[in-house]
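> sequence-free structure coming up:
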């Protein structure tokens, strides 16, 4: 019941953002990212040659005296029983420790960092170039993309004006579900003029809408990883920098998914402060 209410609220928010964007006149926007491909079944292995074992030499018993020890009987004694119970106890403790570790620590996390910075054609060109050249089908390609995007934005730190950061933890399935929801929400705030997702590129014809007062660009980074990301908290320039560096610290072994959205994508366009705060009401001034 609670999940249904949350889903309806999320859908209502998306519809509100879409209507708001249409009312304000959505600007161009671009997106790039994906989820690394992980095969569901291991690749087939070619059978190797059958092993050849040496033939044992024949054994002939040699007759000899037979000794009978009184009281020995046929029992092997208590040592094998103790060894068996010792191994069982060790196995139980290992399984219990692993299950507790899985319960206590976060299994996966997803974070979304939005940065609103003063418009720069150089930043627009840099993000478009990274989006076109990125390998969005492998974990290494996506991890490299995160690094390069973080580098572009860190170099523009003096131009940062507003920001917001959200983070969630849960199972990999829950985290990827939140990733998809946030990605859809980002895409609803602009007219998608370029998209490169999981190896597929789409570009739409579009005429830039140059308006007076357009001076902002918004970049939204969504990252899902195995492990933890910085928690939510009061946001300032230092915290935004910390989150960017944490995103860049992801590796091909921990990255689950990444998506970058930025608007405007076309040179000449810019978001006014009214559009910025209406489309992204959670932004905090830096």
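Arrived safely, thanks for sending. Treat the numbers as computed from the prediction; the structure is a model and nothing was measured.
> ranges for the helices of this structure?
2-24, 79-104, 121-133, 139-155, 172-187, 237-248, 273-279 (DSSP state H).
> lowest average pLDDT across those helices?
Ranked on mean pLDDT, the bottom entry among the helices of the chain is helix 2-24, at a mean of 47.
> number of residues surrounding residue 144?
16 (other CB atoms under 10 Å). For every residue, glycine as well, the C-beta is placed using N, CA and C.
> can you give me the end-to-end distance of stretch 249-268?
For stretch 249-268, the first-to-last residue distance is 33 Å (CA to CA, to the nearest Å).
> list the buried residues for that stretch?
The neighbour-count check on stretch 249-268 (16 or more other CB atoms under 10 Å) flags 250, 254-267 as buried.
> how close does residue 133 sit to residue 32?
Residue 133 is 10 Å from residue 32, where distance means CB to CB, to the nearest Å.
> er, residue 131 I mean
4 Å.
> cool, and residue 183?
Distance from residue 183 to residue 32, by CB to CB: 11 Å.
> which neighbours do those two have in common?
Common contact partners of residue 183 and residue 32 (CB atoms under 8 Å, 6 or more residues apart in numbering): residue 259.
> give the contact list for residue 172.
107-108, 226, 256.
> pipe the residues you listed into CSV and attach pLDDT and distance to residue 285 per row.
As requested, the contacts of residue 172 are exported to CSV (pLDDT from 0 to 100; distance: CB to CB, whole Å):
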residue, pLDDT, distance to residue 285
107, 91, 34
108, 97, 31
226, 97, 33
256, 97, 31
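> make a markdown table from these and add distance to residue 146 to it.
Output for the contacts of residue 172, formatted as a markdown table (distance: CB to CB, whole Å):
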| residue | distance to residue 146 |
| --- | --- |
| 107 | 20 |
| 108 | 16 |
| 226 | 14 |
| 256 | 12 |
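> ignoring the adjacent residues along the chain, who's closest to residue 138?
In this structure, residue 138 finds its nearest non-sequential neighbour in residue 36, 6.0 Å apart by CB to CB, 6 or more residues apart in numbering.
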